[in-house]
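> Got a predicted model here, sequence first, then my questions.
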Amino acid sequence: MNVTNKVILVTGGGGGIGAGIAEAFAEKGAKVAITDINGDYAKAEVARIGLGAIALQHDVTSPESWAAVKAAVEAAFGPVDLVCNNAGISLPFKPMEEITLEQFDRVMAINVRGVFLGCQLFMGEMKARGSGHIVNTSSVNGQLPHGTFASYTASKFAVAGMSEALRQELAQFGVGVSILYPGLTRSRMSEAQMDDLPQEIKDAIAGKMMEPIWLGRAVVRAVEENRLHIITHPDHLPALKARMEALYADFGEPAQPDFVSQRISD
Ligand SMILES: NC(=O)c1ccc[n+]([C@@H]2O[C@H](COP(=O)([O-])OP(=O)(O)OC[C@H]3O[C@@H](n4cnc5c(N)ncnc54)[C@H](O)[C@@H]3O)[C@@H](O)[C@H]2O)c1
């Protein structure tokens, strides 16, 4: 997709990675709507980026809020060509037994339900038009689990799985789906997450956060080329290979002797 003059909606764009995505599309001449639960954050990024971007208050967990945002973006720019479901939260690094049910439900509501709602609201008209693109923000933790980060890891695996399945579903209609897998990137979330870490780890990480604009530019390229995976921090590859090799190594004989599976899509 050529993104110039296209209408782009970025959730959680009031800072960090979403702001980087919004800025990168605005640089390319797209019409950008930045939404955030914190309307002031969204307005501040619109003031910083300029280039005709607009700011909207938005709770991605709420269907009513999505409907209001869709109507406002369409009134300002016309139909949405690209949705970036980027809003997300993390939880403190803690043993799973110390995470409350409310915390678990909240991380799932924003990171998974929010993405589901954003995809579902726009996919019908994208299919009808035979064009459009959806970018969902997962995480390196959407492929590489992290101990003491189980709920967040679960939410980001869910985003990756949902997006990959949706890509298969939408390809025949000319609609693309991409998954952004960021590693450590400068944002309010990542800076706050560091507060929980021991000082020696903080020192090691200091200065090793990627700047969000570079993730944004990677997202633009992926949309232009209709790529599934957006890998911004490739130095995680050895860890991912080790995880996959451990999985492959456990593919031995079927539990029922001589059993052969039939996949639905085969
Ligand atoms: N920063 C990193 O290192 C990193 C790494 C991997 C993945 N991610 C993912 O990137 C995405 C962006 O995170 P970030 O690091 O830029 O953090 P961030 O906190 O700067 O941005 C997230 C934004 O989402 C907004 N938000 C929270 N709840 C919302 C809701 N219900 N509705 C709408 N907006 C809401 C927040 O106000 C915030 O501005 C998240 O999905 C996060 O999980 C970040």
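Received the coordinates, thanks.
> use CA for all of it now, contacts and neighbours both
Noted.
> touching the ligand at all, the helix or strand containing A222?
Assessed by DSSP states H and E, A222 sits inside helix 212-225. No. Counting by CA under 6 Å from any ligand atom, the ligand has no neighbours in helix 212-225; the shortest distance is 7.6 Å.
> in the stretch 101-250 of the chain, which spans are helices?
With DSSP state H, counting those that start in this stretch as the criterion, the stretch 101-250 of the chain has helices at 101-108, 114-129, 150-170, 188-194, 199-205, 212-225, 237-249.
> Present these as a markdown table; the columns should include mean pLDDT and mean neighbour count.
Shown next, in a markdown table, are those (pLDDT from 0 to 100; neighbours: other CA atoms under 10 Å):
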| stretch | mean pLDDT | mean neighbour count |
| --- | --- | --- |
| helix 101-108 | 98 | 16 |
| helix 114-129 | 98 | 18 |
| helix 150-170 | 98 | 20 |
| helix 188-194 | 92 | 14 |
| helix 199-205 | 85 | 11 |
| helix 212-225 | 98 | 20 |
| helix 237-249 | 98 | 11 |
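> and of these, who's closest to A22?
Smallest distance to A22 across the helices of the stretch 101-250 of the chain (CA to CA): 7.0 Å, for helix 212-225.
> Contacts for the closest one, please.
With CA atoms under 8 Å, 6 or more residues apart in numbering as the test, helix 212-225 has contacts from 1-3, 16-25, 133, 135, 176, 178, 180, 182, 185-187, 228-230, 232.
> that older thread, I'd like to know which of the helices of the stretch 101-250 of the chain is closest to G52.
Proximity to G52 (CA to CA) singles out helix 212-225 among the helices of the stretch 101-250 of the chain, at 17.4 Å.
> From the chain's centroid, how far away is that closest one?
Counting by CA atoms, centre = their mean, to the nearest Å, helix 212-225 is centred 12 Å from the centre of its parent chain.
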